[in-house]
Each structure stands twice: as C-alpha cells, then as structure tokens.
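*Asks:* Take a look and give me a structure for this.
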Amino acid sequence: MPDNPKEFLIVYGVNHVATRKATYSNFVPYAAEGWYGVGAVTDVDFNGTAQAYLPDNPNAKYLYVYKVARYCDESHCFVVPSYLNKTEEKYGIPFDDPLLIGWRLYLEKGTKTGPSYLEVVYDKAIKFDGTS
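*Replies:* Model prediction:
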C-alpha cells in the first residue's frame with residue numbers, strides 16, 4: 001500500500017459474533033512479504049459500522065464495514081503503520097510492499113469448534129486507488 005491518501009481498502013462482511021457463528025472474529029492487515037500482521041480489528045470494533053450504509057435495514061447490526069488506509073480522518077478506519085525501507089528496525093509495512101487481509105473466526109458456541117465454512121458468508125475487501 002503506497003503513501004497515497006487516495007488509496008484505501010474497504011473490508012466488509014458479516015459480524016460472525018453477532019450472528020452467533022463465532023465467539024470471536026477479526027481481520028488483520030498483513031505484509032504480504034513475510035506474512036506479519038500489523039494490528040487487528042475485532043468483532044467488538046465491527047459493532048454499528050454498517051448502519052451508516054444501511055440506515056433503515058434491521059440486518060445492518062449483523063454486518064460490518066471498515067476502512068484500511070495509510071491516512072484516516074474518520075471513525076471505523078484502521079491506519080496501516082509504515083516505515084520507509086526494510087532495513088529499518090521499525091514496526092509497519094513499507095510503502096512499496098503489498099498488503100493482504102486475513103480473517104479469523106473462532107469457536108461456534110454450540111459446537112465448541114470453528115464454524116463450518118459452508119455455513120458462513122465470506123468476508124471481502126475492495127481496493128480503491130483514487131484513479132477513477
């Protein structure tokens with residue numbers, strides 16, 4: 001993810017804790033090279049984030065929408081930390097490195113195991129680069 005305030009990701013999906021398919025869920029921005037996470041957004045953070053997009057929909061409480069960007073000036077946004085190059089001993093993802101999102105779902109209360117992937121709606125991410 002470059003040093004560009006117009007480039008960002010929208011991560012969205014079902015809050016699997018709200019639907020009782022998990023007791024914990026999150027998404028994590030990772031550096032694609034090395035697969036190291038730089039923070040997490042959890043199901044607690046998801047609460048109420050879809051209401052602005054679906055104000056009159058009673059199912060909005062079961063969904064989430066979160067922005068992932070280098071720069072954020074609104075709520076429900078995860079700032080991706082950065083550093084300038086791979087030789088620095090600092091936490092973050094360099095501007096020229098790819099970023100990926102990983103999702104986790106833990107323990108469905110009724111089965112005491114992870115939820116079946118056949119029974120959940122997969123979360124998604126959309127990249128916006130500010131060119132259109």
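*Asks:* Let me know the pLDDT of the residue nearest to the spatial centre of the chain.
*Replies:* Of all residues in the chain, the one closest to the mean position by Cα atoms, centre = their mean is residue 27, 4.2 Å from it. In this model, residue 27 is scored at 97, pLDDT.
*Asks:* Tell me the spacing between the residue lying closest to residue 121 once chain neighbours are set aside and residue 129.
*Replies:* Distances taken as Cβ to Cβ, 6 or more residues apart in numbering put residue 14 closest to residue 121, at 4.8 Å, once the chain neighbours are dropped. No exception for glycine: its C-beta is placed from N, CA and C like everyone else's. Look at residue 14 and residue 129: by Cβ to Cβ, to the nearest Å, they are 26 Å apart.
*Asks:* So between those two, which is more surrounded?
*Replies:* Set residue 14 next to residue 129 and count neighbours by other Cβ atoms under 10 Å: residue 14 wins out with 21 against 11.
*Asks:* how far away is the more buried one from residue 108?
*Replies:* Computed as Cβ to Cβ, the residue 14 to residue 108 distance reads 13 Å.
*Asks:* do residue 49 as well
*Replies:* Taking Cβ to Cβ, one finds residue 49 at 22 Å from residue 108.
*Asks:* Equivalent analysis for residue 58, please.
*Replies:* 23 Å.
*Asks:* more neighbours, the two?
*Replies:* residue 108 (18 against 7).
*Asks:* show me what contacts the more buried one?
*Replies:* Neighbouring residues of residue 108 by Cβ atoms under 8 Å, 6 or more residues apart in numbering: 20, 21, 22, 23, 114, 115.
*Asks:* Just the buried ones among those, please.
*Replies:* Using 16 or more other Cβ atoms under 10 Å as the burial test, these include 21, 22, 115 as buried.
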